[in-house]
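Asks: sequence first, then the predicted structure, then my questions.
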Amino acid sequence: TIKDDGTGSGGTDNDTPTLSVSSPTVAEGSSAVFTVSLSKASSTAVSFTPALSSGTATLGTDTAAASTLEVSTDGGQNWTTVSGAVTIAAGQTSLQLRIATTDDTISESSEQFTLSTGTITGTVTNSGAASGTATITDNDIAPTLAIDDVTVNEAAGTATFTVTRSGATGAAATVDYATSNGTATAGSDYTAASGSVSFAAGETSKTITVNITNDDVFEGSENFNVTLSNASGASISDATGVGTIKDDGTGSGGTDN
């Protein structure tokens, strides 16, 4: 038996091809396409049964179901659903495998999943297995929280602030809030308040209501603050809402309403 290494006597039989799997990077919502290649054409067919496995990306959530994996043996012109083994025909050097990824509304880091060949049938140097890892990059804007300013007449009884969530809204978020004095004083001009607001997936706004005291003293406009802190699932872009209380003119000394 003569084994040709292409270099003369004494070498190894390096005409045997090696099979490899590419590691594609894809934006979420596009298909991840793995190219399975032989380092050189083989005189015999090379077959394997591809298998997908989750990593930081979860199959069926961050991707389509694993059962939708498709194969193309003509450079991506035609695709068929994988059912069992796939084959690189004798004389050919590659095939492609693809699966769709999910375009969600969650701001997240890049995520990965793997395609493995399992045992390879045919003449290759690495018949045990080969694998490639796909990276899904995120296309969502990181979520932010902002609170507005409010002006009310003291006779209104309450001041309602709106906390707005912008950017990706596909996950939950929470943020704490607390009032603090400006020229208005808690206990006499308004009732101190603190707590937290929670956003479910898809929600973009929440309200915070602060009770206002309707006194009988004219005192001009006064203000207090509602401050956001300790956000989870989002960052804070505008942390402070200013509440301005306008006197209702029922006391002596004038009116500013």
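Replies: Sure, I can see it.

Asks: show me what stretch 115-123 is in contact with.
Replies: Applying Cβ atoms under 8 Å, 6 or more residues apart in numbering, the set of residues contacting stretch 115-123 from outside is 16-17, 19, 21, 34, 36, 42-53, 85, 88, 97, 126-134. C-beta coordinates here come from the backbone N, C-alpha and C atoms, glycine included.

Asks: quick one, which of those are buried?
Replies: Among the contacts of stretch 115-123, those classed as buried by 16 or more other Cβ atoms under 10 Å are 16-17, 19, 21, 34, 36, 42, 46-48, 50, 52, 88, 97, 127, 130-134.

Asks: so which of those residues belong to strands?
Replies: 19, 21, 34, 36, 46-48, 52, 88, 97, 131-134 (DSSP state E).

Asks: can you lay out those residues as JSON lines showing distance to residue 186 and pLDDT?
Replies: Compiled in JSON lines, those are given as follows (distance: Cβ to Cβ, whole Å; pLDDT from 0 to 100):
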{"residue": "19", "distance to residue 186": "72", "pLDDT": "97"}
{"residue": "21", "distance to residue 186": "64", "pLDDT": "98"}
{"residue": "34", "distance to residue 186": "62", "pLDDT": "99"}
{"residue": "36", "distance to residue 186": "68", "pLDDT": "98"}
{"residue": "46", "distance to residue 186": "77", "pLDDT": "97"}
{"residue": "47", "distance to residue 186": "76", "pLDDT": "97"}
{"residue": "48", "distance to residue 186": "71", "pLDDT": "98"}
{"residue": "52", "distance to residue 186": "58", "pLDDT": "98"}
{"residue": "88", "distance to residue 186": "75", "pLDDT": "97"}
{"residue": "97", "distance to residue 186": "64", "pLDDT": "99"}
{"residue": "131", "distance to residue 186": "62", "pLDDT": "98"}
{"residue": "132", "distance to residue 186": "61", "pLDDT": "98"}
{"residue": "133", "distance to residue 186": "56", "pLDDT": "99"}
{"residue": "134", "distance to residue 186": "55", "pLDDT": "98"}
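
Asks: and those as a markdown table, adding distance to residue 236?
Replies: As requested, these are exported to a markdown table (distance: Cβ to Cβ, whole Å):
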| residue | distance to residue 236 |
| --- | --- |
| 19 | 51 |
| 21 | 43 |
| 34 | 41 |
| 36 | 47 |
| 46 | 56 |
| 47 | 56 |
| 48 | 51 |
| 52 | 39 |
| 88 | 54 |
| 97 | 43 |
| 131 | 42 |
| 132 | 40 |
| 133 | 35 |
| 134 | 34 |
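
Asks: of those residues, closest to residue 72?
Replies: For those, the closest approach to residue 72 (Cβ to Cβ) belongs to residue 97, at 7.9 Å.

Asks: how much space between that closest one and residue 136?
Replies: 16 Å (Cβ to Cβ, to the nearest Å).

Asks: partners of the strand ranked longest in the chain in the sheet?
Replies: In the chain, assigned by DSSP E, the strand with the most residues is strand 222-232. According to DSSP bridges, strand 222-232 forms sheet pairs with strand 173-181 (antiparallel), strand 240-246 (antiparallel).

Asks: host element of residue 114?
Replies: Assessed by DSSP states H and E, residue 114 sits inside strand 111-116.

Asks: sheet partners, orientation included, of that strand?
Replies: Looking at strand 111-116 with DSSP bridges, what it pairs with is strand 51-54 (antiparallel), strand 131-137 (antiparallel).

Asks: quick one: strands adjacent to the very next helix or strand once past the shortest one?
Replies: As assigned by DSSP H and E, the chain's next helix or strand after strand 51-54 is strand 70-72. Strand partners for strand 70-72, identified by DSSP bridges, are recorded as strand 80-81 (antiparallel), strand 94-100 (antiparallel).

Asks: could you pull out the strands in the stretch 151-257 of the chain for me?
Replies: For the stretch 151-257 of the chain, strands defined by DSSP state E, counting those that start in this stretch occupy the ranges 158-166, 173-181, 194-199, 205-211, 222-232, 235-238, 240-246.

Asks: alright, that wraps it up for me.
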